[in-house]
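Participant: The following comprises the amino acid sequence and a computationally predicted model.
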Amino acid sequence: MVALTPQEQAMLGGEEGAAVQKAMELLVRYAEALDAERFVETNNVAGVPGSSTPFVKDYYKADGGDYRAVFSKFDLDADEVVDVPRMNAYSCHLQGGMDPELWAEQGMSAEANANFAADERETAAHGIQILKTCTPYIAGNVPVMGEHCAWMESSAVVFCNSVIGARTNCEGRESTSAAMLAKRVPDWGFHRPEYRYGQYKVNVDVPVDDVFEWGMLGYFVGGAVEDTIPVIDGRIGQQSLIRHKHFGAAAASSGGVEMYHMVGITPEAPTLETAFGPNAPRDTFTYDAAARASIYETLNAVGSSTDVDYVMLGCPHYSIEQIALAAHLIEGRKVSANSAMWVFTSRAVKATADANGYTKILRDAGAFLMTDTCSSISAAVPKGTRVAALDSAKQVHYLPAIMGIEGWYGTTAECIDAACTGKWAGQLASRV
């Protein structure tokens with residue numbers, strides 16, 4: 001049974017209000033299911049509290065069908081509806097379901113947009129930061145090494161653990177909503193130092209030095225080690241935030257990786273020995289030219305037609321550097337009449353893109369810079385889409401399966417060329 005501090009016992013006993021009590025009840029059940037012996041305190045929580053579709057609200061119609069009912073019964077799994085106070089932890093709302101301005105272009109209804117806006121007003125009123133992104137670390141929420149967090153979103157979790165060295169498991173809606181009130185999560189998994197050591201070794205024998213290559217390596221690593229912790233060593237260069245962003249998202253998609261080490265690159269792996277700690281590698285995988293060619297073929301296995309209807313960029317959400325590059329590559333050109341191009345980012349980054357003129361360059365070319373969501377999260381693609389081109393290994397893993405379309409994986413330049421010509425011309429041979 002989980003041991004509680006006096007403060008935690010008081011919260012569980014209702015001394016800090018009914019909502020906090022319900023949050024602690026959920027967290028205690030969660031901890032006991034994990035065999036966690038205690039809680040850790042967190043003041044950095046990222047989730048999707050209280051937000052819901054009209055369908056979910058209608059399900060709780062007898063309880064009021066509002067934010068309060070959804071947060072109580074759906075998020076906290078409570079047996080009654082309670083008043084929901086402002087959150088106690090520093091809390092952020094991750095991605096939503098539609099762009100707040102371009103929702104009609106995404107095929108959303110006025111009713112859906114009104115529901116979206118109402119939820120957002122409630123979210124802000126409860127002291128939750130409206131980041132609306134899968135990359136909170138780009139939009140102002142940057143933990144420090146060793147900080148205990150409670151984050152949802154697989155690509156954010158792997159970045160948090162691996163690149164920053166903060167500590168979070170891949171939490172769910174319920175545990176993050178409860179943590180926003182109770183400032184606690186079970187002391188389990190990646191919160192424990194002994195769980196953060198490497199388990200498999202990956203040797204990189206070919207150069208990996210741009211976003212495209214980091215994405216392919218990530219997809220290989222996830223498929224090889226599945227949901228364990230890899231230690232990657234070898235010919236990895238040009239590290240940057242966006243390269244780690246794409247590597248981690250790909251590894252989380254193909255295998256469920258929530259933490260990785262890169263020797264001499266990530267903070268908990270100054271040496272190979274430090275990365276493994278007391279563990280001996282369970283096995284070693286090699287990423288060589290043959291493996292690279294195989295991964296490229298796998299990522300492009302759902303592509304057949306070279307007629308591209310849709311180009312989607314921004315998974316995980318684009319950084320300002322990536323938007324600047326996209327604007328540079330498309331400036332003076334036009335998206336084909338037979339295609340469409342959507343670029344996704346956070347509201348915070350879009351504000352910078354607006355100020356720099358990048359949003360206008362994209363719009364003048366016939367492309368849209370959108371926020372809050374992506375095509376996979378919202379299941380939204382331009383009408384008539386049959387074939388998409390994507391510069392994200394994560395997105396090419398998910399979007400074709402979700403929407404029943406073909407997909408191509410390539411560089412940002414190849415994708416923008418496809419948007420402007422309506423044709424896919426990317427191939428591995430051009431980069432060997």
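Facilitator: Everything's here; your move.
Participant: For the residue lying closest to Val257 once chain neighbours are set aside, list the residues it contacts.
Facilitator: The shortest distance from Val257 to any non-neighbouring residue, by Cβ to Cβ, 6 or more residues apart in numbering, is to Ala251 (3.9 Å). (Glycine included, C-beta is placed from N, CA and C.) Neighbouring residues of Ala251 by Cβ atoms under 8 Å, 6 or more residues apart in numbering: Val158, Gly218, Tyr219, Val221, Gly222, Pro230, Val257, Tyr260.
Participant: doesn't Ala251 fall inside a strand?
Facilitator: No - inclusion of Ala251 in a strand is not indicated when DSSP: H, G, I helix; E, B strand; the rest coil is applied; the result is helix.
Participant: And the pLDDT at Ala310?
Facilitator: No Ala there; residue 310 is Tyr. Tyr310 is assigned a pLDDT of 98 by the prediction.
Participant: just to revisit the earlier point, quick one: which of the contacts of Ala251 sit in strands?
Facilitator: Among these, the residues falling in strands (DSSP state E) are Pro230.
Participant: Most neighbours out of the contacts of Ala251, which is it?
Facilitator: Counting neighbours by other Cβ atoms under 10 Å, Gly218 comes out on top of the contacts of Ala251 with 33 neighbours.
Participant: Would you confirm that that one contacts His246?
Facilitator: Yes - taking contacts as Cβ atoms under 8 Å, Gly218 lies within contact range of His246: 6.6 Å.
Participant: residues in contact with Cys315?
Facilitator: If you count contacts by Cβ under 8 Å, 6+ apart, then Cys315 has Cys134, Ala249, Phe344, Cys374, Ser376, Leu390, Ser392, Lys394, Gln395 around it.
Participant: What is the helix or strand harbouring the fifth one packed up against?
Facilitator: Spelled out, that is Ser376. Using DSSP states H and E, Ser376 sits within helix 375-378. With contacts taken as 3 or more Cβ pairs under 8 Å, 6 or more residues apart in numbering; DSSP states H and E, helix 375-378 sits against helix 393-403.
Participant: coming back round to it: so what sits against both of Gly218 and His246?
Facilitator: Contacts common to Gly218 and His246, judged by Cβ under 8 Å, 6+ apart, are Ala393.
Participant: about what we covered before: mind picking the one among the contacts of Ala251 that's closest to Phe190?
Facilitator: Val158 (10.2 Å; Cβ to Cβ).
Participant: Number of residues surrounding Ala425?
Facilitator: Count around Ala425 with other Cβ under 10 Å applied: 14.
Participant: sec struct for it, please.
Facilitator: Quick answer, by three-state DSSP: Ala425 is coil.
Participant: all helices of the stretch 301-432 of the chain, in order?
Facilitator: In the stretch 301-432 of the chain, the helices defined using DSSP state H, counting those that start in this stretch lie at 320-330, 347-356, 358-364, 375-378, 393-403, 412-421.
Participant: Just tell me which of those ends up closest to Glu213.
Facilitator: Comparing the helices of the stretch 301-432 of the chain against Glu213 with Cβ to Cβ, the closest turns out to be helix 393-403 (10.6 Å).
Participant: which residues sit against the closest one?
Facilitator: For helix 393-403, using Cβ under 8 Å, 6+ apart, the contacting residues are 155, 215-216, 218-219, 246, 249-250, 252-254, 299-300, 302, 312, 315-316, 374-376, 379, 381, 385, 388, 390, 405-409.
Participant: JSON lines for the helices of the stretch 301-432 of the chain, including mean neighbour count and distance to Asp83?
Facilitator: What follows is the helices of the stretch 301-432 of the chain, written out as JSON lines (neighbours: other Cβ atoms under 10 Å; distance: least, Cβ to Cβ, whole Å):
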{"stretch": "helix 320-330", "mean neighbour count": "20", "distance to Asp83": "40"}
{"stretch": "helix 347-356", "mean neighbour count": "17", "distance to Asp83": "29"}
{"stretch": "helix 358-364", "mean neighbour count": "18", "distance to Asp83": "40"}
{"stretch": "helix 375-378", "mean neighbour count": "22", "distance to Asp83": "30"}
{"stretch": "helix 393-403", "mean neighbour count": "22", "distance to Asp83": "37"}
{"stretch": "helix 412-421", "mean neighbour count": "23", "distance to Asp83": "48"}
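Participant: In JSON lines, list those along with mean pLDDT and distance to Ala179.
Facilitator: Output for the helices of the stretch 301-432 of the chain, formatted as JSON lines (pLDDT from 0 to 100; distance: least, Cβ to Cβ, whole Å):
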{"stretch": "helix 320-330", "mean pLDDT": "98", "distance to Ala179": "30"}
{"stretch": "helix 347-356", "mean pLDDT": "98", "distance to Ala179": "23"}
{"stretch": "helix 358-364", "mean pLDDT": "98", "distance to Ala179": "35"}
{"stretch": "helix 375-378", "mean pLDDT": "96", "distance to Ala179": "22"}
{"stretch": "helix 393-403", "mean pLDDT": "97", "distance to Ala179": "25"}
{"stretch": "helix 412-421", "mean pLDDT": "98", "distance to Ala179": "36"}
